[in-house]
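Visitor: Here is my input, please return the structure:
(one chain, ligands or ions: 2)
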Amino acid sequence: MSPRSTPGPGVTPRTALTIAGSDSGGGAGVQADLKTFLACGVHGMSAITAVTVQNSLGVSGFHEIPAETVRDQVRVVTTDIGANAVKTGMLASAGIIEAVAGTCDELGIGRAAEIPLVVDPVAASMHGDSLLADSALGAVREVLLPRATLTTPNLDEVRLLTGVEVTRRADLRKAAEAVLALGPRWVLIKAGHLAADSDCVDLLVGAGGEVIELPGPRHPTEHTHGGGDTLAAAVTAALAQGRDLVDAVRVGKRYIMRAVAAAYPLGGGVGPVSAFWRVSDVPW
Ligand SMILES: Nc1ncnc2c1ncn2[C@@H]1O[C@H](COP(=O)(O)OP(=O)(O)O)[C@@H](O)[C@H]1O
Ligand SMILES: Cc1ncc(COP(=O)(O)OP(=O)(O)O)c(N)n1
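Guide: Ligands and ions are numbered 1, 2, ... in the order given. A predicted model of the protein is given here:
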């Protein structure tokens, strides 16, 4: 499958599915994923796992969707429309993780299958609000990560999943090896949470011994809500377009650098990274 950009009128585009929670504030979760899919020229589909009550100040609660309903959303869209790549975000509970994993096996999604699976192991919001039951961490390690083509933890998620504490760039390799030991084919360690005076150099490491640095400047903004979702969604879109993994991650990094540079204030708290830089002017 060769890479394609935005389809012309009447042409069916490549498709990507996000399995994630809704952010009522529109900056992260399913909303960030669908905006990114559109901006990257793929048709986005969604299987909602939870409805969060969320604004720029934080998450004040969420309702989980029954695991069977999550499974059925994934089944109906993939068996009818088809997905060229799949991403997971907030999965909320061990029950949902197990349902998603079983459905991925059934539908040929994951590292050992045809359709790539990008796992963003979302555990908490940037404000520290929990988005994953404590009892579900074991399911992320044992059920989800072994099925991932790529996983994209931030430094807090690395610590929760592996116990490895990253405080400087030199620790990223050790963190990546610890995550790889849990079974994904590739891991992209996101370095956004390193010291504010350091560049944002993410590290991509593969189970085949591949090590690739993804350099980027640090933009002086506090408005990075949805940054992790947006990066993983851009990578998923590039995979759906037929790019290989390393190329797709490079595309994702270029996309997120532009989205962070265009981030905007919103509400009284933290604003989102922006998809507007990629969307052309509306011809009113
Ligand atoms: N201030 C910033 N300037 C430029 N890139 C950033 C900035 N903050 C984060 N990033 C990038 O955004 C992506 C998301 O990173 P990170 O904030 O670590 O993850 P998360 O959003 O999941 O917490 C990474 O590619 C990271 O390097
Ligand atoms: C529904 C939902 N999913 C994911 C998140 C995490 O977003 P955020 O808090 O901005 O953290 P990163 O995108 O930076 O990892 C969320 N808040 N809500």
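
Visitor: Which pLDDT value belongs to the residue of the stretch 101-250 of the chain found nearest ligand 2?
Guide: Residue of the stretch 101-250 of the chain nearest ligand 2, by Cβ to the nearest ligand atom: Gly228 (3.1 Å). Quick note: C-beta positions are derived from backbone N, CA and C, even for glycine. Looking at Gly228, its pLDDT stands at 98.

Visitor: mind checking how far the host helix or strand of it is from the chain centre?
Guide: Assigned by DSSP states H and E, Gly228 falls within helix 227-240. Its chain's C-alpha centre and that of helix 227-240 lie 6 Å apart, by Cα atoms, centre = their mean, to the nearest Å.

Visitor: close to ligand 1, is the helix or strand just after that helix?
Guide: Once helix 227-240 ends, the next helix or strand along the chain (criterion: DSSP H and E) is helix 245-261. Yes: applying Cβ under 6 Å from any ligand atom, one finds helix 245-261 in contact with ligand 1 at 253, 256-257, 260.

Visitor: Of those, which is the most crowded?
Guide: In terms of neighbours by other Cβ atoms under 10 Å, these top out with Ile256 at 28 neighbours.

Visitor: which ones are touching that residue?
Guide: The contact partners of Ile256, by Cβ atoms under 8 Å, 6 or more residues apart in numbering, come to 216, 227, 230-231, 234, 273.

Visitor: Of these, just say which sits nearest to Asp80.
Guide: Ala234 (25.2 Å; Cβ to Cβ).

Visitor: wait, the closest one sits on Cys40?
Guide: Yes: Ala234 is within contact range of Cys40, at 5.8 Å (criterion: Cβ atoms under 8 Å).

Visitor: Quickly list what's touching both of the two.
Guide: Looking at what touches both Ala234 and Cys40 (by Cβ under 8 Å, 6+ apart), the common residues are 251, 255.

Visitor: So those two - more neighbours on which side?
Guide: Between Ala234 and Cys40, counted using other Cβ under 10 Å, the more crowded position is Ala234 (29 against 26).

Visitor: Tell me the spacing between that one and Pro66.
Guide: From Ala234 across to Pro66, the span is 30 Å (Cβ to Cβ, to the nearest Å).

Visitor: And the residue nearest to Ala237 when sequence neighbours are not counted, its phi and psi?
Guide: Of all residues not flanking Ala237 in the chain, Cys40 sits nearest, at 3.5 Å (Cβ to Cβ, 6 or more residues apart in numbering). Main-chain dihedrals, Cys40, degrees, to the nearest 10: phi -100, psi 10.

Visitor: How about the one 4 residues further on?
Guide: Here is the backbone geometry of Gly44 (degrees, to the nearest 10): phi -90, psi 140.

Visitor: what about it, neighbour count?
Guide: Neighbour number of Gly44 under other Cβ under 10 Å is 23.

Visitor: With Glu177 instead?
Guide: Burial measure for Glu177: 14 neighbouring residues, criterion other Cβ under 10 Å.

Visitor: Over to it. Which of the three states is it?
Guide: helix (DSSP: H, G, I helix; E, B strand; the rest coil).

Visitor: For the stretch 101-250 of the chain, what lies in contact range of ligand 2?
Guide: 122, 125-126, 131, 154, 224-229.

Visitor: With adjacent residues omitted, what lies nearest to Leu38?
Guide: Leaving aside its chain neighbours, Leu38 sits nearest to Gly44 (6.3 Å; criterion: Cβ to Cβ, 6+ apart).

Visitor: Which residues are in contact with that neighbour?
Guide: Contacts of Gly44 by Cβ under 8 Å, 6+ apart are 15-18, 33-34, 37-38.

Visitor: go on, Arg141?
Guide: Arg141 is in contact with 161, 182, counting by Cβ under 8 Å, 6+ apart.

Visitor: Noted, bye for now.
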